[in-house]
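**Student:** show me the folded form of this:
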Amino acid sequence: MSKYREGSLEAPVRHPLNWQDEDFYNEQSLNQELERVFDICHGCRRCVSLCKSFPTLFDLVDESETFEVDSVDKADYKKVVDQCYLCDLCYMTKCPYVPPHEWNVDFPHLMLRAKA
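**Tutor:** The predicted model follows:
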């Protein structure tokens, strides 16, 4: 059994945003992390009612060639990022994959990184 359970009742652990790391601003690294997190979100969809970012993401995936995140044009990721207004609801109340879960999903921090 995994130490970190999906949907744990533990409070999320918010890690500092590592904005001083040179990789933080690397576009390829950012796109890899966006794809990883978007793939997790696409598989779960619990957050669909929270803000326009999630329906935008799911529409992009559902209208893509393979119906998977890897076939969404990377330029379209900006459409998802632009819809996030950093309310933190997905992180604080809905997402079962926030830290301390091993998948370490922090959608709002990722959106901050993408907006930087």
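
**Student:** what is the burial count for L50?
**Tutor:** Summarising burial for L50: neighbours were counted as other C-beta atoms under 10 Å, giving 18. Placement of C-beta: from N, CA and C, glycine included.

**Student:** A116 versus that one, what's the distance?
**Tutor:** Distance from L50 to A116, counting by C-beta to C-beta, to the nearest Å: 22 Å.

**Student:** what's near enough to touch H15?
**Tutor:** 99, 104, 106, 109 (C-beta atoms under 8 Å, 6 or more residues apart in numbering).

**Student:** of these, just the buried ones, ChimeraX syntax please.
**Tutor:** Here is the ChimeraX command that picks out the buried ones among these, judged by 16 or more other C-beta atoms under 10 Å:
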select :99,106,109
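
**Student:** dump the contacts of H15 to JSON lines, plus secondary structure and distance to P16.
**Tutor:** Shown next, in JSON lines, are the contacts of H15 (DSSP: H, G, I helix; E, B strand; the rest coil; distance: C-beta to C-beta, whole Å):
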{"residue": "P99", "secondary structure": "coil", "distance to P16": "12"}
{"residue": "N104", "secondary structure": "coil", "distance to P16": "13"}
{"residue": "D106", "secondary structure": "coil", "distance to P16": "11"}
{"residue": "H109", "secondary structure": "helix", "distance to P16": "9"}
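
**Student:** what comes into contact with the helix-or-strand element of the chain with minimal mean pLDDT?
**Tutor:** The helix or strand of the chain with the poorest confidence is helix 89; it has a mean of 93 (mean pLDDT, DSSP states H and E). Outside of helix 89, the residues within contact range by C-beta under 8 Å, 6+ apart are 50-51.

**Student:** which other helices and strands contact the helix ranked longest in the chain?
**Tutor:** The longest helix of the chain (DSSP state H) is helix 27-44. Judged by 3 or more C-beta pairs under 8 Å, 6 or more residues apart in numbering; DSSP states H and E, helix 27-44 is in contact with helix 53-62, helix 77-83, helix 107-115.

**Student:** mean confidence for the first one?
**Tutor:** Yep, that's helix 53-62 we're talking about. The average of the pLDDT scores along helix 53-62 is 97.

**Student:** the inter-axis angle of it versus helix 27-44?
**Tutor:** 90 degrees (axes from the mean of the first three to the mean of the last three C-alpha atoms, to 10 degrees).
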